[in-house]
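Trainee: model the following, please.
(2 chains)
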Amino acid sequence: MTNIVLDGTAKTPTVNFDASTGLLDLRGRSIPENSIEFYKPLIDWVDQYGRNPKPSTRLRVQLEYFNTSSSKCILDLFKKLEAVRNAGNEVLVLWHYEPDDEDMLEAGEDYQAIINLPFKMVQVEEVDDK
Amino acid sequence: MVNRIYDLYDDLEKHRIMLSFKGVLSPELIGAILNLVEHRMNASEPDHRVRKRVFNVVMECLQNLYHHNNRISDPNGAPLPPDERQGVVMIAHDVSGYSVLTGNFMAQSEVEELKARLDQVNGCKPEQLRELYQSRLSDGKFTRTGGGGLGLIDIARRSGQKLEYGFVPLDNNNAFFSLNVNVTT
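Mentor: This is a model prediction of the structure:
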């Protein structure tokens, strides 16, 4: 299947979903007015990927900002990965946050509380928004 | 009118307004305002966490205005075209912190429901707000704007204070909704 490679914009994140390695990367800003439009292809991609996934899948989330319109879409992305894991595959979410950004850490913990996926909280000096 | 310019300026200054906008919002304008907020905050606010909180609150408030600003009809009951849907946003900065002030038109018939949601949020302690956020996030419902009613909860969490609000009834169909969100430094 084809990979998703999207450059980030002022309101949408950089996306790099690689089916050949099982590495999924989401970083930058996710603050579009219409998040469903942006995330639908990503969610569909993970759904497709889940039919023939790598034994190990990593989703690296490194967001500087995300709006509440994106938060449900990001949850849907996690739900697709939860299905991949429930089918017997290894899935890990790497949730990045800056040392003084307790709001972003809490946001990761909020997802952790409602989704059945292992999360690793990763502190980084500055989130890579390029 | 020309004599009023200084008075208007002076009024903004007295209320410590660092940025104000009145008009019809577009995604491009929201981007431009957020850009401006970010630049101003980088110059004036040393605390990274406060900068991010203010940015987040402004972003959610602007998107609320964009999605919900809706004066449903003119005083004669005729529907208004979209370009009549104006809103106002102001950001004030004084010694205690920042205030994000927004105002928009809405249908009088939706006031009660919005007031109930605001009161629910204001009635929550921080830990209860977090629980409310998590349950609203996981309920599987999307609103037409995709947020599923998370915006006000998110704003309240980042503010850490009660949301100040008011409604001005304009006529049978329309009301003006004012919201003041404080972020202390």
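
Trainee: look up how far B:Val89 lies from the residue of chain B found nearest chain A.
Mentor: Among all residues of chain B, B:Leu150 sits closest to chain A, at 3.8 Å; criterion: Cβ to the nearest Cβ. Placement of C-beta: from N, CA and C, glycine included. From B:Leu150 across to B:Val89, the span is 20 Å (Cβ to Cβ, to the nearest Å).

Trainee: neighbour count: those two, which is higher?
Mentor: Ranked by neighbour count (other Cβ atoms under 10 Å in any protein chain shown), B:Leu150 and B:Val89 place B:Val89 first, with 24 against 21.

Trainee: just the element for B:Arg40, please.
Mentor: Using DSSP states H and E, B:Arg40 sits within helix B:27-44.

Trainee: surely A:Gly50 meets A:Lys80?
Mentor: Yes. Using Cβ atoms under 8 Å, A:Gly50 makes contact with A:Lys80 at a distance of 6.2 Å.

Trainee: shaky segments in chain A?
Mentor: Within chain A, the stretches with pLDDT under 70 are A:128-130.

Trainee: tell me which residue of it lies closest to chain B.
Mentor: Closest point on chain A to chain B, by Cβ to the nearest Cβ, is A:Thr68, at 3.8 Å.

Trainee: for that residue, grab the count of nearby residues.
Mentor: 28.

Trainee: what about the spatially closest residue to A:Met121 that is not a sequence neighbour, how many residues nearby?
Mentor: Distance criterion Cβ to Cβ, 6 or more residues apart in numbering or on different chains; nearest residue to A:Met121, sequence neighbours excluded, is A:Trp95 at 5.4 Å. Neighbour count for A:Trp95, taken as other Cβ under 10 Å: 20.

Trainee: backbone dihedrals for A:Trp95, please?
Mentor: phi -100, psi 120 (degrees, to the nearest 10).

Trainee: and what of B:Asp47?
Mentor: Here B:Asp47 shows phi and psi, under degrees, to the nearest 10, equal to phi -80, psi 110.
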